[in-house]
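Chemist: pasting the structure only:
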């Protein structure tokens, strides 16, 4: 087994978790860190590093040649901007004996497009925060608004808790702005895993205690079983597969409001693994033909806190 982490960057915890999962299936498994840039931090923690071409159609022959040269058996995409590329190649690469651990394209598109995400779930009466392409005429009735880009990471160019005039000024600086009513409450992430048929196997909740650049630096698991059915309905409606992360707000009335969904392994999802959602192992095991239903889910018996910090590595 030779598993490649694409867009590996500085994702050392993810790389290490992926190695651990792979070696539970194959004691000789090798990890290949792949990235457009070099040097990157992850290349010093992988068995092999590949400075690969951009994930674009133009470079496809070169990419496939590289995958064969490095004898890649599995690919885990790790960046939103490449998910559609790898998902589109999934069937072709499977014919070459290379398995891509990624959701279907239509499911990924629903998550990358925040307007599509909110509209799709809203039509199913599922609890997504509404999204507007322009400030509604009833804006005066809502004191505060959130303004963000329709596509891309939600934390980029985010305008939070803005009055209508400030929201319009902020939107003028964005490429494809969207507006959402601001909801005060506690932010929660849900790490989940779904099988290749889109059936939810397990999920855990974690509070995001400290956030930097859109990722949790301090996060703690919490038991919130009252939302289990809603989470199951949402994830299975989206028809996702593999590891995913939902972001939500719990308001003062304890109502759940979904913000967005990342159809990939999240920056702090290693806490999900520690809490029992063994997503990387399950993905690899399923790709190798194992019966995932026969593998039990053992949730952590007590809350776990994850603290992410910079470290030093000497060669």
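Modeler: Arrived safely. A quick note: this is a predicted structure, and the numbers were derived from the prediction, not measured.
Chemist: who's in contact with residue 127?
Modeler: By CB atoms under 8 Å, 6 or more residues apart in numbering, the residues touching residue 127 are 121, 230, 234, 255, 256, 257, 258. C-beta: built from backbone N, CA, C; applies to glycine.
Chemist: roughly how far apart are it and residue 293?
Modeler: For residue 127, the distance to residue 293 (CB to CB, to the nearest Å) stands at 29 Å.
Chemist: out of the contacts of residue 127, flag the one nearest to residue 170.
Modeler: Of all the contacts of residue 127, residue 257 has the smallest distance to residue 170: 20.9 Å, by CB to CB.
Chemist: isn't there a strand covering that closest one?
Modeler: Yes - counting by DSSP: H, G, I helix; E, B strand; the rest coil, residue 257 falls inside a strand.
Chemist: contacting residues for it?
Modeler: Contacts of residue 257 (CB under 8 Å, 6+ apart): 127, 128, 129, 183, 185, 248, 249, 250, 251.
Chemist: buried subset of these?
Modeler: 127, 128, 129, 183, 248, 249, 250 (16 or more other CB atoms under 10 Å).
Chemist: just give me the neighbour total for the closest residue to the second one other than its chain neighbours.
Modeler: In this case it means residue 128. In space, and not counting its chain neighbours, residue 128 is closest to residue 121: 3.8 Å by CB to CB, 6 or more residues apart in numbering. Residues lying near residue 121 (other CB atoms under 10 Å) number 21.
Chemist: double-check residue 121 against residue 237; I have them as touching.
Modeler: Yes - the criterion here is CB atoms under 8 Å, and residue 121 meets it with residue 237 at 6.9 Å.
Chemist: check which helix or strand covers the nearest residue to residue 145 once chain neighbours are set aside.
Modeler: Excluding the flanking residues, the one nearest residue 145 by CB to CB, 6+ apart is residue 167, at 4.2 Å. Here residue 167 sits within helix 164-171, counting by DSSP states H and E.
Chemist: over to residue 228?
Modeler: helix 228-238.
Chemist: who touches that helix?
Modeler: 107, 110-111, 120-121, 124, 126-128, 190, 192, 194, 198-200, 203, 244, 246, 256, 258, 261, 263.
Chemist: for that helix, buried residues please.
Modeler: Buried positions in helix 228-238, judged by neighbour count with 16+ other CB under 10 Å: 231, 233, 234, 235, 237, 238.
Chemist: so how far is residue 126 from the second one?
Modeler: For residue 233, the distance to residue 126 under the criterion CB to CB works out to 6 Å.
Chemist: and if you look at residue 185?
Modeler: Applying CB to CB, the value for residue 185 to residue 126 is 18 Å.
Chemist: rewinding a little: could you verify that the residue nearest to residue 128 is part of a strand?
Modeler: No - using three-state DSSP, the secondary structure at residue 121 is helix, not a strand.
Chemist: how about it, what does it touch?
Modeler: By CB under 8 Å, 6+ apart, the neighbours of residue 121 are 127, 128, 234, 237, 238, 258.
Chemist: check residue 122 too.
Modeler: Applying CB under 8 Å, 6+ apart to residue 122 gives the contacts 128, 130.
Chemist: ok, 10 Å please
Modeler: Taking CB atoms under 10 Å, 6 or more residues apart in numbering, we find residue 122 in contact with 128, 129, 130, 131.
Chemist: likewise residue 151?
Modeler: Counting by CB under 10 Å, 6+ apart, residue 151 touches 80, 81, 112, 113, 114, 115, 116, 175, 176, 178.
Chemist: now the buried members of these.
Modeler: So, by 16+ other CB under 10 Å, the buried ones in these are 80, 112, 113, 114, 178.
Chemist: out of the residues you listed, which are inside strands?
Modeler: Those of those mapping onto strands are residue 178, per DSSP state E.
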